[in-house]
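1. kindly return the folded structure for what I paste below:
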Amino acid sequence: MEGISNSKEERRKEGVSPLGRPADARYVKAGLGELPMHLMFLFARRFIAGETLDEALPRVKWMKERGLFTTVDLLGESVYETSRATKASQEYVELVERLASSGLDVNTSLKLTMLGLYISRGVCNENVMRVIDAVRRHNGFLRVDMEGSDCTDATLELVRLWHSSYKGVGTVIQAMLKRSPADVEVLLKEGIGIRLCKGAYKEPPSIAFKDKRDVDAAYVRLAERLLTSGIYHAIATHDERIIRHVIDFANSRGIGKDAFEFQMLYGIRRELQFRLVREGWRVRVYIPYGREWLKYTLRRLRERKENLFFVLKHLFTR
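-> Model prediction:
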């Protein structure tokens, strides 16, 4: 099976270094004009748990000790070399084994373009199966992240394939995409757990809602559908208004606090995470680490300008 070739050359020409930084570039456009790379790394520290697994694991443990669940992600995407994709799968196996041996949640998230989707589906399948086998050994869970719309069909097809052999595989649905209600129904028929998010990739208006009000309305409709499906799902948002709507909806329908979970990103709205835990709700924090931090950080800053001003305000505080 062939990989996804759309815009492959354009992506390759972006010139991303092995560290995820633009090659030969000292400055990055990040919402307030161009910022020096060293300053960008200070921003990144708010959103990533370190550049290595050894740096990340103590932060994962810290979350667990405070009643939070975790899912750990090794940063990376848009890989075109088979050797790099294979290496990424081996690093994921190490991550899974280290989580298990440390007594932490064996719950991880990955991006298929890091594991070889742009090379071929065969390469991707082989690499992801290596990770699934490790997750299965520890009765853990693997979440396949959703990327740009050029990957949606392939991601859903592969997730359905993997879930048929191991039920501890789930994926992500982006409320901003107009196709998402139909995709949700397909996944629900097969009992696949979904992380519902709003979506952080730039997409054309022909396939995605652009107005925030439309995205929020689509999100709420999908959240209600998931909550009444009888399947365990993840409601991933930092929007407190939507969170309160979900809580009110769950209470009104007699949906228990253990029937689903909220998910939030590392470094964002920690006080809200702890407040929900105190109220008895299940909260899982998405904890990314790795050297390829730039694209992930730019998405977080582009997603909500509040993130940028939050980091500026608290840049030198713990």
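
2. backbone dihedrals for E147, please?
-> Backbone dihedrals for E147, given as degrees, to the nearest 10, come out at phi -110, psi -150.

3. how far away is it from L115?
-> 11 Å (CB to CB, to the nearest Å). In short, each C-beta sits where N, CA and C put it, glycine included.

4. ok, now D248?
-> In this view, D248 and L115 are 39 Å apart by CB to CB.

5. could you do T171 as well?
-> Distance, T171 to L115, using CB to CB: 14 Å.

6. okay, these two: which has more neighbours?
-> L115 (29 against 24; other CB atoms under 10 Å).

7. surely that one and A88 touch.
-> Yes. L115 is in contact with A88 according to CB atoms under 8 Å; the separation is 5.8 Å.

8. intersection of neighbour lists for those two?
-> Contact with both L115 and A88 is made by residues 79, 127, according to CB atoms under 8 Å, 6 or more residues apart in numbering.

9. for whichever strand or helix holds R59, what is the average pLDDT?
-> Using DSSP states H and E, R59 sits within helix 53-65. Mean pLDDT, helix 53-65: 97.

10. max-length helix in the chain?
-> Secondary structure of the chain per DSSP state H: the longest helix is helix 82-101.

11. got the buried residues for that one?
-> Applying a neighbour-count criterion of 16 or more other CB atoms under 10 Å, one finds 85-86, 88-89, 91-93, 95-96, 98-100 buried in helix 82-101.

12. likewise stretch 274-289?
-> So for stretch 274-289, counting by 16+ other CB under 10 Å, buried means 276-277, 281-289.

13. how far does that stretch stretch from start to finish?
-> In stretch 274-289, first residue to last residue: 22 Å (CA to CA, to the nearest Å).

14. and for it, what's in contact with it?
-> Outside stretch 274-289, the residues within contact range by CB under 8 Å, 6+ apart are 47-53, 55-56, 59-60, 63, 66-75, 107, 109, 234, 236, 243, 247, 257-258, 260-266, 273, 296.

15. and the angle for the longest helix of the chain with helix 53-65?
-> Helix 82-101 and helix 53-65 are oriented at 40 degrees to each other (axes from the mean of the first three to the mean of the last three CA atoms, to 10 degrees).

16. moving C-terminal from helix 82-101, which element do we reach first?
-> Following helix 82-101 in sequence order, the next helix or strand is strand 107-110 (DSSP H and E).

17. what's in contact with that following strand?
-> By CB under 8 Å, 6+ apart, strand 107-110 touches 69-74, 92, 95-96, 99, 128, 131, 135, 140-145, 284, 286.

18. which of those fall within strands?
-> Among the contacts of strand 107-110, the members found in strands (DSSP state E) are 69-74, 141-144, 284, 286.

19. separate out the buried members of the residues you listed.
-> 69-74, 141-144, 284, 286.

20. could I get those as CSV with pLDDT and distance to L187?
-> Output for these, formatted as CSV (pLDDT from 0 to 100; distance: CB to CB, whole Å):
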residue, pLDDT, distance to L187
F69, 98, 21
T70, 98, 23
T71, 98, 18
V72, 98, 23
D73, 97, 21
L74, 97, 24
F141, 98, 15
L142, 98, 15
R143, 98, 13
V144, 98, 11
R284, 98, 19
Y286, 97, 20
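
21. any idea which of those residues is closest to E190?
-> Comparing these against E190 with CB to CB places V144 closest, at 13.8 Å.

22. enumerate every residue touching the closest one.
-> By CB under 8 Å, 6+ apart, the contact list for V144 reads 109-110, 112, 128, 155, 158-159, 162, 169-172.

23. mind checking the SS state of R46?
-> coil (DSSP: H, G, I helix; E, B strand; the rest coil).

24. hang on, it packs against G267?
-> Yes. Here R46 reaches G267: they are 4.3 Å apart, a contact under CB under 8 Å.
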